[in-house]
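J.: structure of the sequence below:
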Amino acid sequence: MPNIATILKTEISRVARKEARADTQQLKKASAHYRSDIAALKRRITALEQLVGRLGKAAAKTAPAAPVEQPGGAFRFSASGLQAQRKRLGLSASEVALLLGVSDQSVYKWENGKTRPRASQFASIAALRGLGKKEAAARLNELAEVASV
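T.: Down below sits the predicted model:
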């Protein structure tokens, strides 16, 4: 005949497993529900992003931006382009400022995209594109001689 303590112990463990299973079953159902909600939200985000993209393209086609008249033809200014040009010539920002006839701070702000050059300065920036390293160094020397006189 089994001991009453072992019977009681097995019964208690059986009831505890049953309750734990019921609790975890609810958590599993909730977790599955949340996963399906997250998946639905991701699908909705993707659909909305696609819609925004389509609307942006449609708006660009229907209302083209008015072209800005810039002296010197079709000169387009970009901050990264100016910085790349400066590095290609091997010049510091202050040397480029001296070549362009502007302050050092102007060149720093143009390169960082904080400001844009005035339309009157586009011609000198465009001329900078046509210079090589030797020509830029020669012009800097000329400007330094003129400044020292």
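
J.: buried ones in the lowest-mean-pLDDT helix or strand in the chain?
T.: The helix or strand of the chain with the lowest confidence, counting by mean pLDDT, DSSP states H and E, is helix 133-148 at a mean of 83. Residues 136, 139, 140 are the ones in helix 133-148 that count as buried (16 or more other C-beta atoms under 10 Å). In short, each C-beta sits where N, CA and C put it, glycine included.

J.: tell me the average confidence for the longest helix anywhere in the chain?
T.: Secondary structure of the chain per DSSP state H: the longest helix is helix 4-62. The average pLDDT within helix 4-62 is 93.

J.: quick check: next helix or strand after that helix?
T.: helix 79-89 (DSSP states H and E).

J.: so how far is that following helix from its chain's centroid?
T.: Computed by C-alpha atoms, centre = their mean, to the nearest Å, the chain-centroid distance of helix 79-89 equals 20 Å.

J.: where does residue 114 land in three-state SS?
T.: In three-state terms, and counting by DSSP: H, G, I helix; E, B strand; the rest coil, residue 114 is coil.

J.: got the phi and psi for residue 102?
T.: Dihedral pair for residue 102: phi -130, psi 180, per degrees, to the nearest 10.

J.: list the contacts of it.
T.: The contact partners of residue 102, taken as C-beta atoms under 8 Å, 6 or more residues apart in numbering, are 117, 121.

J.: when you give positions from now on, start the count at 46
T.: With the count now opening at 46, the last piece we talked about shows up as residue 147.

J.: pLDDT at it, what is it?
T.: For residue 147, the predicted pLDDT is 90.

J.: now swap in residue 126 and tell me
T.: Looking at residue 126, its pLDDT stands at 86.
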